[in-house]
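Chemist: sequence first, then the predicted structure, then my questions.
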Amino acid sequence: MDVIIAKTATKSFKRFFKDRFNFFKLAFWEDKYYELKWSVWALRKYFKIVKKMRPWDGAYLYQMTKFQLELLLPRIENGWEEEVSMNKKIKDIKRLIELLDNHDKDNFHERCGYDGDFEFKFIEDDSGYRLDSTETPEQKENNKRAISESVELEKRETKEIGNLMSKIPTWWN
């Protein structure tokens, strides 16, 4: 340890802190360097998902979460964790990715058997125009059932997304 001696206490005090702050100045610029380095990396990596984001639509939160989980999954699969806890995490992450993908595609009615093989026609009558379709009575009944099932399926899957997302903080332990 170096002993710093000066003629007055204030000069000694200044010299003491001057030497200490040189280290902090170096650390400050190192921090700025790493911030810049990782900002450029993140901009390159996340550009394709961030360019789609809009502040008024919450669906992009799901897309960003799915994107991040797709990056995390191989790291957990190839990690140094024990098999028992790793397999549960992998199973949960894959299920959450699947649910987020379904929510992004918004294909609930198709998965419940909705039959969209019909057309709409504008028909002119005395009161003006009205909309009619070529949907058969069987299709109407099936589509009514499929729509009600798709609403329930969406509610169940959204609730499951919430349950799985509550586990996210434990996936990094």
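Modeler: Sure thing, it's come through.
Chemist: so what's the nearest residue to residue 52 once chain neighbours are set aside up against?
Modeler: Take residue 52 and drop its neighbours on the chain: the residue closest to it by Cβ to Cβ, 6 or more residues apart in numbering is residue 60, 6.4 Å away. C-betas here are computed from N, CA, C, even on glycine. Residues counted as contacts of residue 60 (Cβ atoms under 8 Å, 6 or more residues apart in numbering) are 52-54.
Chemist: count the neighbours of residue 85 for me.
Modeler: By other Cβ atoms under 10 Å, the residues close to residue 85 number 13.
Chemist: quick check: mean pLDDT of the helix or strand containing it?
Modeler: Element membership for residue 85, per DSSP states H and E: helix 83-105. Taken as a whole, helix 83-105 has an average pLDDT of 91.
Chemist: quick check: buried residues in it?
Modeler: If you call a residue buried by 16 or more other Cβ atoms under 10 Å, then helix 83-105 has these buried ones: 86, 89-90, 92-93, 96-97, 99-100, 102-103.
Chemist: do stretch 69-79 as well
Modeler: Neighbour-count burial for stretch 69-79, counted by 16+ other Cβ under 10 Å, picks out 69, 72-73, 76.
Chemist: nearest residue to the residue most central in space within the chain other than its sequence neighbours?
Modeler: The chain has residue 65 as the residue nearest its centroid, 1.3 Å off, counting by Cα atoms, centre = their mean. Closest residue to residue 65 apart from its sequence neighbours, by Cβ to Cβ, 6+ apart: residue 100 at 6.2 Å.
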